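> Structure, please.
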Amino acid sequence: MSDVKIKPIEEKDMKEIYRLYGEFAAYEKLEDYFSASMEEMGRLIFKDNLLHMLKAENEGQIAGFAAYYYQVVSFPAKKVLYLEDIYVQKMHRGKGIGNLFLKRLEEIARENDCLKMSWKCLGWNQSSRAFYEHIGAKLDEEWVTYEKKL
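Below you'll find the model as predicted:
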(Lines give C-alpha, C1' and ligand atoms only; values in the text may rest on other atoms or scores of the structure.)
Protein backbone atom coordinates (compact mmCIF):
# COMPACT_ATOMS: atom_id res chain seq x y z
CA MET A 1 0.00 0.00 0.00
CA SER A 2 2.92 2.39 0.58
CA ASP A 3 3.52 2.60 -3.19
CA VAL A 4 -0.05 3.74 -3.90
CA LYS A 5 -0.52 7.42 -4.66
CA ILE A 6 -3.92 9.13 -4.81
CA LYS A 7 -3.95 12.19 -7.05
CA PRO A 8 -6.11 14.05 -9.56
CA ILE A 9 -6.31 12.57 -13.02
CA GLU A 10 -4.71 14.36 -15.95
CA GLU A 11 -5.94 14.57 -19.54
CA LYS A 12 -3.32 11.99 -20.55
CA ASP A 13 -5.07 9.49 -18.22
CA MET A 14 -8.45 9.67 -19.98
CA LYS A 15 -7.96 6.65 -22.25
CA GLU A 16 -7.16 4.38 -19.30
CA ILE A 17 -9.84 5.94 -17.07
CA TYR A 18 -12.41 5.39 -19.82
CA ARG A 19 -11.32 1.76 -20.16
CA LEU A 20 -11.65 1.30 -16.40
CA TYR A 21 -15.13 2.83 -16.55
CA GLY A 22 -16.06 0.05 -18.96
CA GLU A 23 -14.79 -2.50 -16.40
CA PHE A 24 -16.68 -0.70 -13.66
CA ALA A 25 -19.93 -0.74 -15.66
CA ALA A 26 -19.54 -4.50 -16.19
CA TYR A 27 -18.79 -5.03 -12.48
CA GLU A 28 -21.97 -3.15 -11.54
CA LYS A 29 -23.96 -4.98 -14.26
CA LEU A 30 -24.70 -1.65 -15.95
CA GLU A 31 -23.01 -2.09 -19.33
CA ASP A 32 -26.17 -1.04 -21.19
CA TYR A 33 -26.33 2.18 -19.16
CA PHE A 34 -22.71 3.20 -19.90
CA SER A 35 -23.19 5.41 -22.96
CA ALA A 36 -20.84 8.38 -22.41
CA SER A 37 -18.01 8.83 -24.87
CA MET A 38 -14.47 9.48 -23.69
CA GLU A 39 -14.76 13.00 -25.11
CA GLU A 40 -17.97 13.70 -23.19
CA MET A 41 -16.40 12.52 -19.94
CA GLY A 42 -13.29 14.57 -20.59
CA ARG A 43 -15.38 17.69 -21.21
CA LEU A 44 -17.20 17.31 -17.87
CA ILE A 45 -13.87 16.99 -16.07
CA PHE A 46 -11.44 19.30 -17.85
CA LYS A 47 -13.61 21.90 -19.61
CA ASP A 48 -16.83 22.25 -17.61
CA ASN A 49 -15.12 21.39 -14.29
CA LEU A 50 -18.32 19.70 -13.09
CA LEU A 51 -16.85 16.29 -12.33
CA HIS A 52 -13.63 15.80 -10.38
CA MET A 53 -11.61 12.62 -10.52
CA LEU A 54 -8.86 11.05 -8.51
CA LYS A 55 -6.73 8.12 -9.57
CA ALA A 56 -4.84 5.54 -7.58
CA GLU A 57 -1.44 4.81 -9.03
CA ASN A 58 0.15 1.55 -7.98
CA GLU A 59 3.47 0.46 -9.44
CA GLY A 60 3.05 2.86 -12.38
CA GLN A 61 -0.45 1.66 -13.25
CA ILE A 62 -3.81 3.29 -12.66
CA ALA A 63 -5.37 0.86 -10.20
CA GLY A 64 -8.68 2.67 -9.77
CA PHE A 65 -10.54 5.95 -9.74
CA ALA A 66 -12.98 7.99 -7.71
CA ALA A 67 -15.31 10.55 -9.31
CA TYR A 68 -17.03 13.23 -7.26
CA TYR A 69 -18.82 16.55 -7.48
CA TYR A 70 -20.41 19.03 -5.13
CA GLN A 71 -24.06 19.33 -4.15
CA VAL A 72 -25.62 22.03 -1.98
CA VAL A 73 -27.77 21.59 1.11
CA SER A 74 -29.92 24.70 1.45
CA PHE A 75 -30.94 24.69 5.14
CA PRO A 76 -27.38 24.91 6.52
CA ALA A 77 -26.11 26.56 3.28
CA LYS A 78 -23.28 24.06 2.96
CA LYS A 79 -21.73 21.93 0.26
CA VAL A 80 -21.81 18.14 0.20
CA LEU A 81 -19.09 16.15 -1.52
CA TYR A 82 -21.02 13.57 -3.53
CA LEU A 83 -19.03 10.48 -4.49
CA GLU A 84 -20.47 9.46 -7.85
CA ASP A 85 -18.20 6.48 -8.58
CA ILE A 86 -15.39 4.60 -6.94
CA TYR A 87 -13.68 1.62 -8.54
CA VAL A 88 -10.57 -0.41 -7.81
CA GLN A 89 -9.49 -3.06 -10.30
CA LYS A 90 -9.87 -6.59 -9.01
CA MET A 91 -6.11 -7.29 -9.10
CA HIS A 92 -5.51 -4.27 -6.84
CA ARG A 93 -8.23 -4.91 -4.27
CA GLY A 94 -7.29 -5.76 -0.71
CA LYS A 95 -4.37 -3.30 -0.74
CA GLY A 96 -6.18 -0.50 1.09
CA ILE A 97 -6.78 1.59 -2.03
CA GLY A 98 -10.48 2.10 -1.32
CA ASN A 99 -9.59 3.32 2.15
CA LEU A 100 -6.98 5.71 0.71
CA PHE A 101 -9.57 7.11 -1.69
CA LEU A 102 -12.09 7.70 1.10
CA LYS A 103 -9.46 9.34 3.33
CA ARG A 104 -8.38 11.67 0.53
CA LEU A 105 -12.00 12.50 -0.33
CA GLU A 106 -12.67 13.32 3.32
CA GLU A 107 -9.65 15.66 3.31
CA ILE A 108 -10.97 17.36 0.16
CA ALA A 109 -14.43 17.70 1.71
CA ARG A 110 -12.98 19.28 4.86
CA GLU A 111 -10.75 21.62 2.81
CA ASN A 112 -13.87 22.78 0.93
CA ASP A 113 -15.98 23.30 4.06
CA CYS A 114 -18.41 20.51 3.20
CA LEU A 115 -21.07 19.45 5.68
CA LYS A 116 -20.66 15.78 4.79
CA MET A 117 -19.87 13.24 2.11
CA SER A 118 -22.61 11.25 0.48
CA TRP A 119 -22.86 8.40 -2.04
CA LYS A 120 -25.06 5.56 -3.22
CA CYS A 121 -24.24 1.89 -3.38
CA LEU A 122 -26.09 -0.81 -5.28
CA GLY A 123 -28.16 -2.83 -2.83
CA TRP A 124 -26.74 -6.18 -3.96
CA ASN A 125 -23.11 -5.06 -3.47
CA GLN A 126 -22.63 -6.48 0.02
CA SER A 127 -18.82 -6.24 -0.01
CA SER A 128 -18.92 -2.49 -0.71
CA ARG A 129 -21.67 -1.95 1.83
CA ALA A 130 -19.64 -3.79 4.48
CA PHE A 131 -16.58 -1.69 3.60
CA TYR A 132 -18.53 1.57 3.94
CA GLU A 133 -19.95 0.54 7.29
CA HIS A 134 -16.48 -0.54 8.44
CA ILE A 135 -15.12 2.97 7.80
CA GLY A 136 -17.95 4.55 9.77
CA ALA A 137 -20.43 5.51 7.05
CA LYS A 138 -24.09 5.16 7.97
CA LEU A 139 -26.97 4.00 5.80
CA ASP A 140 -29.49 6.83 5.36
CA GLU A 141 -32.83 5.21 6.06
CA GLU A 142 -34.72 8.50 6.29
CA TRP A 143 -34.62 9.73 2.69
CA VAL A 144 -35.97 7.94 -0.37
CA THR A 145 -34.52 8.75 -3.79
CA TYR A 146 -36.88 9.51 -6.68
CA GLU A 147 -35.88 9.80 -10.32
CA LYS A 148 -37.58 10.89 -13.51
CA LYS A 149 -35.82 9.85 -16.69
CA LEU A 150 -35.53 12.55 -19.36
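> Against which helices or strands is the host helix or strand of residue 26 packed?
Using DSSP states H and E, residue 26 sits in helix 14-27. Applying 3 or more C-beta pairs under 8 Å, 6 or more residues apart in numbering; DSSP states H and E, one finds that helix 14-27 makes contact with helix 38-42, strand 61-73, strand 78-88. Backbone N, C-alpha and C define where each C-beta goes, glycine included.
> buried set for the shortest one?
Meaning helix 38-42. By 16 or more other C-beta atoms under 10 Å, the buried positions in helix 38-42 come out as 41, 42.
> Check which element follows that helix along the chain.
Per DSSP H and E, the helix or strand that comes after helix 38-42 is strand 52-58.
> between that next one and helix 14-27, how many degrees?
Using axes from the mean of the first three to the mean of the last three C-alpha atoms, to 10 degrees, one finds that strand 52-58 and helix 14-27 are set 90 degrees apart in direction.
> Relative to strand 52-58, what are the paired strands and their orientations?
strand 5-8 (antiparallel), strand 61-73 (antiparallel) (DSSP bridges).
> Kindly present the ones you listed as CSV, with separate columns for mean pLDDT and distance to residue 92.
Formatted as CSV, the strands paired with strand 52-58 follow (pLDDT from 0 to 100; distance: least, C-beta to C-beta, whole Å):
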stretch, mean pLDDT, distance to residue 92
strand 5-8, 97, 13
strand 61-73, 97, 4
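> re earlier: now distance to residue 8 too, for the helices and strands packed on helix 14-27, in TSV please.
Formatted as TSV, the helices and strands packed on helix 14-27 follow (distance: least, C-beta to C-beta, whole Å):
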stretch	distance to residue 8
helix 38-42	14
strand 61-73	10
strand 78-88	14
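> Low-confidence bits of this structure, can you list those?
1-2 (pLDDT under 70).
> next one: phi and psi at the residue of the chain positioned farthest from its centre?
Distance from the C-alpha centroid of the chain peaks at residue 75, with 25.5 Å (C-alpha atoms, centre = their mean). Phi and psi for residue 75, reported as degrees, to the nearest 10, are phi -60, psi -50.
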